[in-house]
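Novice: need a structure here:
(one chain, ligands or ions: 1)
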Amino acid sequence: MTQKIIILDFGSQTTQLIGRRVRELDTFCEILPYNKFPVGDESVIGVILSGSPYSVHDPEAFQVDLSQFVGKIPVLGICYGAQFISHTNGGRVEKTDTREYGRAHLQTVDTQNALFKGFEQNSQVWMSHGDSITAIPEGFKCIASTADVKYAAYWAPSPLGMGGSEASVWAVQFHPEVFHSVQGSLLLNNFVVDICGSRQDWSAASFIDTTVAELKEQIGSDRVILGLSGGVDSSVAGVLLNKAIGKNLTCIFVDHGMLRKNEFAQVMEDYKGLGLNVIGVDASEKFFADLKGVTDPEQKRKIIGRDFVEVFNSEAKKITDARWLAQGTIYPDCIESLNITGKVIKSHHNVGGLPEEMHLQLCEPLKWLFKDEVRRVGRQLGMPEHLITRHPFPGPGLAVRILGDITPEKVRILQDADDIYIRGLREYKEKLTGEAARRVLAAGVPAQMQDGEIEVSLYDQIWQAGAVLLSTVRSVGVMGDERTYEHPVALRAVTSTDAMTADWAHLPYDFMAKVSNEIINKVHGVNRVCYDISSKPPSTIEWE
Ligand code: XMP
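Specialist: Below you'll find the model as predicted:
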């Protein structure tokens with residue numbers, strides 16, 4: 001039985017990060033809404049309670065019945081989780097003058113306590129709380145403080161009058177899951193591995209073995225259809241399914257004409273090299289015809305979505321004996337995230353649209369994986385690095401990066417500018433040390449540390465980049481002795497971990513100067529290059 005840690009989500013922005021940190025310890029975990037603890041599931045070896053935007057004193061604050069697990073398995077409360085345990089068991093949580101946001105240092109750390117094994121005094125942690133715990137429940141013991149907060153961490157061996165010492169409760173006011181809690185990973189390792197007893201057998205290799213066996217069992221000799229997009233998720237799903245069922249998998253890759261320069265041909269070649277049975281459909285004429293004269297962004301998306309389903313369906317229908325539709329859905333798409341009202345704001349989406357009469361069942365082999373795990377699985381499967389580290393790319397492609405109507409000529413201009421930009425990002429390498437290197441390695445970039453430094457391309461340091469053609473705008477320029485009156489191109493590059501929030505990447509000036517020059521000199525139709533310095537929110541990553 002696969003062991004698992006349950007993370008109960010009270011609506012914190014860092015809940016997913018807790019999940020990723022646990023997975024980094026080669027331990028399977030599930031993130032569930034705060035009130036959905038799976039009572040009776042014997043594979044659960046520990047519980048983590050997340051933070052929350054609420055104060056425990058808010059009337060609408062999320063409540064959980066701790067007796068479902070306290071005293072039975074180890075529990076770790078983080079931030080709101082720590083306050084909730086105190087508040088509901090005779091401790092005290094108050095609004096005080098000692099709010100802490102950001103950096104703090106742990107003092108009087110009890111390194112004899114299993115949670116803090118290996119900790120240094122003064123270890124830096126990250127705080128984000130308005131309320132403070134001013135008294136802990138009876139039977140609990142303080143195990144760390146900061147300069148401002150007495151109960152930065154507390155613990156009880158056999159708390160709340162329930163269970164034995166093997167099912168203790170720990171509570172920490174800080175966020176061990178965030179990068180700036182320097183020994184946060186050690187704390188989570190102590191909890192997950194030493195305290196909960198994880199066997200640490202959740203790895204890319206074990207995932208592949210188990211999933212391939214399950215897919216064989218689930219699918220048998222049925223035929224499966226998979227839509228490929230060129231992105232890492234659907235590609236890894238394809239290779240995994242191919243390993244399980246071989247030629248019974250038929251992949252369909254639709255070219256809507258708004259992919260990047262040469263992308264369709266290159267990706268088809270990659271897929272064939274991986275042994276996938278792929279049907280490539282060049283439907284660009286249909287898409288261009290249907291998009292003619294359309295300028296409204298939503299309208300463009302609707303037309304592309306509708307055309308895509310039509311083209312995909314007409315190919316899929318030819319595979320008359322198909323029983324399954326596979327998708328590269330990943331875990332963040334499935335997690336039911338909560339908003340402040342406690343309502344689920346994101347529940348599992350299905351890419352619908354296949355005709356009902358096909359009666360296809362859904363197969364989602366990656367639905368338990370985070371993006372970085374998908375990449376690890378891809379590497380383990382021997383897929384080429386450029387497919388694995390590829391930036392996300394929107395389904396409607398360059399259509400949402402061309403302001404105004406879409407024409408093949410505008411797409412050509414943007415493809416050329418984008419190609420220069422992306423190639424430049426791949427070629428420009430930087431040497432990183434210290435925190436910057438640690439951050440990049442923690443994000444799963446495959447770089448080797450040598451003498452305390454790593455060499456990484458700009459492409460691998462950022463989440464997503466692309467060029468945008470402002471075809472509704474013209475500006476004056478001068479080239480040689482000629483006046484020009486052409487379109488600007490805006491370059492966008494963002495750092496992010498999940499695309500929900502993003503910051504503009506601080507690209508080096510010498511890089512920007514070189515790319516700008518090259519685009520203006522080589523791409524006819526462009527006489528000005530700008531760089532987008534907006535974060536998300538309030539802007540979005542794509543311009544449309
Ligand atoms: P925004 O622009 O909303 O983008 O900040 C967030 C992430 O989603 C991608 N994106 C899309 N992906 N179909 C997709 O498959 C779409 O219509 C779409 N719109 C945006 C975007 O590239 C970014 O990674």
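Novice: near the ligand, which residues of the stretch 201-350 of the chain show up?
Specialist: Within the stretch 201-350 of the chain, the residues that sit near the ligand (C-beta under 6 Å from any ligand atom) are residue 301. Quick note: C-beta positions are derived from backbone N, CA and C, even for glycine.
Novice: Residue of the stretch 201-350 of the chain nearest the ligand, please.
Specialist: The nearest approach of the stretch 201-350 of the chain to the ligand comes at residue 301, 5.6 Å away (C-beta to the nearest ligand atom).
Novice: Give me the secondary structure label for that residue.
Specialist: In three-state terms, and counting by DSSP: H, G, I helix; E, B strand; the rest coil, residue 301 is helix.
Novice: what secondary structure does residue 466 sit in?
Specialist: The three-state label given to residue 466 by three-state DSSP is strand.
Novice: thinking it is in contact with residue 401, fair?
Specialist: Yes: using C-beta atoms under 8 Å, residue 466 makes contact with residue 401 at a distance of 6.0 Å.
Novice: Would you mind listing the residues touching both of the two?
Specialist: residue 418 (C-beta atoms under 8 Å, 6 or more residues apart in numbering).
Novice: List phi and psi for the residue lying closest to the residue of the stretch 201-350 of the chain closest to the ligand once chain neighbours are set aside.
Specialist: Leaving aside its sequence neighbours, residue 301 sits nearest to residue 396 (C-beta to C-beta, 6 or more residues apart in numbering; 5.4 Å). Main-chain dihedrals, residue 396, degrees, to the nearest 10: phi -70, psi 0.
Novice: same question, residue 61
Specialist: phi -60, psi 150.
Novice: Mind checking what helix or strand follows the helix or strand of the chain with the lowest mean pLDDT in sequence?
Specialist: In the chain, no helix or strand scores lower on mean pLDDT, DSSP states H and E than strand 344-346, which sits at a mean of 64. Elements were assigned by DSSP states H and E; along the chain past strand 344-346, the next helix or strand is strand 361-363.
Novice: pLDDT averaged over that next one, what's the number?
Specialist: For strand 361-363, mean pLDDT rounds to 93.
Novice: Tell me which strands that strand pairs with, and in which orientation.
Specialist: Applying DSSP bridges, strand 361-363 is found paired with strand 322-326 (parallel).
Novice: okay, now the residue nearest to residue 301: neighbour count?
Specialist: Here the number of neighbours of residue 396 (other C-beta atoms under 10 Å) works out to 23.
Novice: need the contact list for it.
Specialist: Contact analysis of residue 396 by C-beta under 8 Å, 6+ apart lists 256, 258, 300-301, 304-305.
Novice: Please tell me how far the residue of the stretch 201-350 of the chain closest to the ligand sits from residue 442.
Specialist: Separation of residue 301 from residue 442 (C-beta to C-beta, to the nearest Å): 34 Å.
Novice: again with residue 48
Specialist: According to C-beta to C-beta, residue 48 stands 19 Å off from residue 442.
Novice: So the two - more neighbours on which side?
Specialist: residue 48 (29 against 14).
Novice: for the one helix or strand that one maps to, packing partners?
Specialist: Using DSSP H and E, the element containing residue 48 is strand 44-49. Contacts defined by 3 or more C-beta pairs under 8 Å, 6 or more residues apart in numbering; DSSP states H and E place strand 44-49 against strand 4-9, strand 75-78, helix 80-87.
Novice: how about those in JSON lines, adding distance to residue 513?
Specialist: Listed next are the helices and strands packed on strand 44-49 as JSON lines, based on distance: least, C-beta to C-beta, whole Å:
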{"stretch": "strand 4-9", "distance to residue 513": "45"}
{"stretch": "strand 75-78", "distance to residue 513": "45"}
{"stretch": "helix 80-87", "distance to residue 513": "47"}
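Novice: right, and those - which one's nearest the ligand?
Specialist: Of all these, strand 4-9 comes closest under C-beta to the nearest ligand atom, at 21.3 Å.
Novice: Now find how far off-centre the closest one is within its chain.
Specialist: With C-alpha atoms, centre = their mean, to the nearest Å as the basis, strand 4-9 stands 18 Å off its chain's centre.
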